[in-house]
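Asks: fold the stuff below for me.
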Amino acid sequence: NITTLDGVNSIGVTGSVLDVDSYAMNMIHTSANLPTLNLVNKTNDAGGPNISLANDRTSGGTILDGVDSDVLGNIYFKGYDDGSPSQQNYALIRAIIHDATATEESGRLDFKVAAHDGTLTTGLYLSGGDGSGKVDVHIGANGGIIQMLAQALYLGALPTSDPGNVGQVWRSGADLKISI
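Replies: Modelled structure (predicted):
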């Protein structure tokens, strides 16, 4: 059993690298489609492996209350543009505390993608609803194009004339229409 890794710069076999320090771990490989992180449960049961991201507010060893909008974790998807090249964030999955109120806890899960200018923009998010067992779904940026709230469907930012795209919803006065 290794209990500390003081002074150890790498562990592994030729061709693999594992850098460990107090705040990050990097796995770097130069072959296509590598490295791979595998979490395997070999127990004969219905359970599976887990990844846990946590934001534990602590001060002086004391756990503090969570606060609305605390970020619980981020998963970034990065790549290089075809200009400089410079590394860009192309997508992000973010978990947030939606409501930290005891007995009314609800979460929010954002799915963001790089918009035309590279800004990460929320295209879909799920949030705890206004009651037990309810989840609100928001699709589209800038207030949402489609929202499902409290078992009702809301459509916003619709074209006001027939866009000519088969199946597309549009608004004519107080009427909703579908292009055919």
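Asks: wait, what's in contact with the residue positioned nearest the centre of the chain?
Replies: Centroid check for the chain by CA atoms, centre = their mean gives I93 as the closest residue, at 1.3 Å. Residues near I93 by CB atoms under 8 Å, 6 or more residues apart in numbering: N74, I75, L109, D110, F111, K112. Just so you know, the C-beta spots here come from the backbone N, C-alpha and C atoms, and that holds for glycine as well.
Asks: count of neighbours near Q88?
Replies: As a burial measure, Q88 scores 15 neighbours (other CB atoms under 10 Å).
Asks: centre of the chain to the longest strand anywhere in the chain, how far?
Replies: Counting residues, the longest strand found in the chain (DSSP state E) is strand 87-99. Mean-position distance between strand 87-99 and its chain equals 4 Å (CA atoms, centre = their mean, to the nearest Å).
Asks: quick one: mean pLDDT for it?
Replies: For strand 87-99, the mean pLDDT works out to 96.
Asks: and for stretch 109-116?
Replies: The average of the pLDDT scores along stretch 109-116 is 94.
Asks: touching that stretch from outside, list them.
Replies: The set of residues external to stretch 109-116 that reach it, using CB under 8 Å, 6+ apart, is 88-96, 120-127, 141.
Asks: ok, G133 - contacts?
Replies: So G133 contacts nothing (CB under 8 Å, 6+ apart).
Asks: please, which helix or strand holds it?
Replies: Assigned by DSSP states H and E, G133 falls within no helix or strand.
Asks: in terms of pLDDT, where does it sit?
Replies: pLDDT, G133: 83.
Asks: next, it: phi, psi?
Replies: Reported as degrees, to the nearest 10, the phi and psi values for G133 are phi 80, psi 0.
Asks: repeat for T122
Replies: Backbone phi and psi, for T122 under degrees, to the nearest 10, turn out to be phi -70, psi 120.
Asks: so it sits against A141, correct?
Replies: Yes - using CB atoms under 8 Å, T122 makes contact with A141 at a distance of 6.3 Å.
Asks: neighbour count winner among these two?
Replies: Per other CB under 10 Å, whichever of T122 and A141 has more neighbours is T122, with 19 against 16.
Asks: who does that one form a beta bridge with?
Replies: Taking DSSP bridges as the rule, T122 bridges to K112.
Asks: list the contacts for it?
Replies: Contacts of T122 (CB under 8 Å, 6+ apart): D110, F111, K112, H138, A141.
Asks: the last one - nearest residue in space that isn't next to it in sequence?
Replies: Distances taken as CB to CB, 6 or more residues apart in numbering put T121 closest to A141, at 4.9 Å, once the chain neighbours are dropped.
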